[in-house]
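[1] Predicted model, plus sequence, below.
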Amino acid sequence: EYAWNLPTPDPSPPANLNTIAGIVEFTLKQKQGEIDNPLDPTNPLHIQYVLGDIFHSNPVVLNAPANFDYYAKDLYWNTPLCGADLPTTQLRGPQISYDWFSNKNLCRRVMLLVGSDDGQLHAFDAGIFRGTDCKLALPATLVSRDPTIADNDGLDGKYDFGSGKELFSFIPAAQMPLVKELSQVSSLTDQYGIDNSARVGDVFIDPVLDVTGNPTCQDRQWRTVVLGTYREGGAGVFALDVTQPDIIDNSNNVPTPLGGAATGYVPSCINGGPSCGPLPYPSLLWEFKDTSDEDGVGGADEAESWSRPIIGRIQVCNGACDQPNEPEDRYVAIFGGGLPENPVNSAADEAGNWLYMVDIETGRIIYKRGGDGVIVGSVPADITGVDVNVDGYVDTLYFGTTAGYVYKVELGDGPFELGVDGRIQDPT
């Protein structure tokens, strides 16, 4: 139906390619428009712009990995993984250690992420390390895993202030219809695109799933992800891998943009390569949209995605949780079902009255609860996750609804057994 779904392999109808080229050209070019002039209503202001309006999306800064809790625990260097014992696990190398991951990416460039109503998530250059040495003096236990990760003379260099230039923009498939529509209108519109703030976090996942969409436990490693939603721009969540923008010089641990470490700014991993890890920068992990009607009310369970996902860690078992080293950590995006397009802010809202956990590794639902008679009112606000016993796992959730209810969900300590549908069951 939309240009993005038109077949393009040879031989492709020229009209399809021309339509797509026109949409891309409009999206990238400088545009002109008129807005109301509050000082002189009869004389509108003429403006030029490239970006769509930025309304509810607060800019988010992405820099070096710095999760203090993960660093203090040095996940997962001292944790048996994938059913193996600890010595076998450590043979996988230092990449399983968050401390190694944090120090390896110590001088990762600073980026500014913001969504706009042109249907794009924009990333801007906000600072690049300019120097000749990005290694710290580190404990011997960490250096013994990788001698190239540290030295004794400290950093030599500093970050610049960034150029403000755009590094990339990402258009989710869910926003393709909007992008096409915007290329065909003759005046400014008040439609919504990526109208919510992004969420950034570090997770331990397999970044490259197999052909069936399943992870390989032994290939899990630390990655940095961005989660995005749309607010009034529609239903859904997307996840991007933004771990490594630039090739890192192992001799000094300094990331090197295209054009050189002294003056370049274009990410050198934009097209991937053997020095960029398993994925190019950035890479789409998945897009999620729930069109199911599990409570049978006659419409999709998920509404417009107002609720920004939080990132939590839980423990699950693919079996009965009765074998040594069987439980494994999963990193989940936790969010509410959102707000219907035409809400009434009462129990009559039959969409969005759900609580979701989506596996950040696969983009699949790992826990879902709510629906008619279970959660009263929609859930457009962010979920609050709490680690009551301070063991590193989220065990309690709080959220409010448009019908004036506040809910508490006690997940418990886990690990949780996964059912045949790949979901954990309702906590008792």
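    Cool, got the structure. Since we're looking at a predicted model, the values are computed, not measured. Numbers count the residues shown, from 1 in each chain.

[2] Output the contacting helices and strands for the least confident helix or strand in the chain by mean pLDDT.
    Among the helices and strands of the chain, strand 31-35 carries the lowest confidence by mean pLDDT, DSSP states H and E, at a mean of 76. Other helices and strands packing on strand 31-35, by 3 or more C-beta pairs under 8 Å, 6 or more residues apart in numbering; DSSP states H and E, are strand 45-49. Every C-beta, even on glycine, is put in place using the N, C-alpha and C of the backbone.

[3] can you pull the buried residues of the least confident helix or strand of the chain?
    Using 16 or more other C-beta atoms under 10 Å as the test for burial, strand 31-35 gives K31.

[4] That strand - which strands sit beside it in the sheet, and in what orientation?
    strand 45-49 (antiparallel) (DSSP bridges).

[5] Can you list the strands that the helix or strand just after the strand it pairs with pairs with?
    On the C-terminal side of strand 45-49, the nearest following helix or strand under DSSP states H and E is strand 60-62. Sheet pairing of strand 60-62 (DSSP bridges) gives strand 110-115 (antiparallel).

[6] Can you give the distance of the strand it pairs with from its chain's centre?
    Taking C-alpha atoms, centre = their mean, to the nearest Å, one finds the center of strand 110-115 at 12 Å from the center of the full chain.

[7] Check what contacts it and list those residues.
    Defining contact as C-beta atoms under 8 Å, 6 or more residues apart in numbering, one finds that strand 110-115 is touched by 54, 57-63, 121-128, 159, 162, 167, 193-198, 200, 226, 228, 230, 242, 245.

[8] Repeat that for stretch 311-326.
    Counting by C-beta under 8 Å, 6+ apart, 80-85, 199, 201, 203, 225, 227, 327-334, 357, 360, 366, 385, 392-394, 411, 414-418, 424 sit against stretch 311-326.

[9] Pull out the buried positions in it.
    Per 16+ other C-beta under 10 Å, stretch 311-326 contains these buried residues: 311-317, 326.

[10] Among those, name the least confidently predicted one.
    Among the buried residues of stretch 311-326, E326 has the lowest pLDDT, at 81.

[11] Please enumerate the helices of this protein.
    14-28, 68-73, 86-90, 98-104, 140-143, 176-182 (DSSP state H).

[12] Let me have those in TSV, extended by mean pLDDT, mean neighbour count and distance to G370.
    Output for these, formatted as TSV (pLDDT from 0 to 100; neighbours: other C-beta atoms under 10 Å; distance: least, C-beta to C-beta, whole Å):
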stretch	mean pLDDT	mean neighbour count	distance to G370
helix 14-28	79	13	37
helix 68-73	96	14	29
helix 86-90	95	14	37
helix 98-104	97	22	33
helix 140-143	94	12	44
helix 176-182	89	19	28
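
[13] Columns distance to C276 on top of those helices, output as TSV?
    Output for the helices of the chain, formatted as TSV (distance: least, C-beta to C-beta, whole Å):
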stretch	distance to C276
helix 14-28	25
helix 68-73	23
helix 86-90	25
helix 98-104	13
helix 140-143	23
helix 176-182	27
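
[14] quick one: which of the ones you listed is nearest T132?
    Closest approach to T132 among the helices of the chain is made by helix 98-104 (17.1 Å; C-beta to C-beta).

[15] can you list the residues that contact the closest one?
    With contact meaning C-beta under 8 Å, 6+ apart, helix 98-104 is reached by 64-67, 70-71, 73-77, 94-95, 135-136, 138, 142, 145-146, 149-150, 202, 204, 221-222, 248, 253.

[16] Now which of the residues you listed would you call buried?
    Counted by 16+ other C-beta under 10 Å, these give 64-65, 67, 70-71, 74-77, 94, 135-136, 138, 142, 145-146, 149-150, 202, 204, 221-222, 248, 253 as buried.

[17] Sitting in strands, which of these do you find?
    202, 204, 221-222, 248 (DSSP state E).

[18] any low-confidence regions in the stretch 51-200 of the chain?
    Low-confidence segments of the stretch 51-200 of the chain (pLDDT under 70): 186-188.

[19] What is the nearest of the buried residues of stretch 311-326 to Q90?
    E326 (19.0 Å).

[20] Any figure for the gap between R313 and G277?
    R313 is 22 Å from G277, where distance means C-beta to C-beta, to the nearest Å.

[21] Now restrict the contacts of strand 110-115 to buried residues only.
    54, 57, 60, 62-63, 121-128, 162, 167, 193-198, 200, 226, 228, 230, 242, 245.

[22] Would you mind confirming that Y230 makes contact with I194?
    Yes. Counting by C-beta atoms under 8 Å, Y230 does reach I194; the two are 5.7 Å apart.

[23] so what sits against both of those two?
    Common neighbours of Y230 and I194 (C-beta under 8 Å, 6+ apart) are 115, 175.

[24] Roughly how far does T189 sit from I248?
    In terms of C-beta to C-beta, T189 sits 43 Å off from I248.

[25] Equivalent analysis for I375, please.
    Taking C-beta to C-beta, one finds I375 at 46 Å from I248.

[26] which ones are touching the residue lying closest to L51 once chain neighbours are set aside?
    Nearest non-adjacent residue to L51, counting by C-beta to C-beta, 6 or more residues apart in numbering: S116, 5.3 Å away. When contacts are counted by C-beta under 8 Å, 6+ apart, S116 touches 51-54, 57, 122, 193-194.

[27] Show me which of those residues is closest to N342.
    Taking the contacts of S116 together and measuring to N342 by C-beta to C-beta, the closest member is G193, at 19.4 Å.

[28] Can you get me a residue count around the residue nearest to that closest one when sequence neighbours are not counted?
    Spatial nearest neighbour of G193, excluding adjacent residues (C-beta to C-beta, 6+ apart): G119 at 3.7 Å. Number of residues near G119 (other C-beta atoms under 10 Å) recorded here: 29.

[29] and what of R223?
    With other C-beta under 10 Å as criterion, R223 counts 26.

[30] Likewise for the one 10 residues further on?
    Look at G233: counted by other C-beta under 10 Å, it has 26 neighbours.

[31] Begin at 18, not 1, for the rest of this chat.
    Taking 18 as the first residue, the last one we looked at is G250.

[32] Quick check: it touching L195?
    Yes. Between G250 and L195 there is a contact under C-beta under 8 Å: 7.2 Å.
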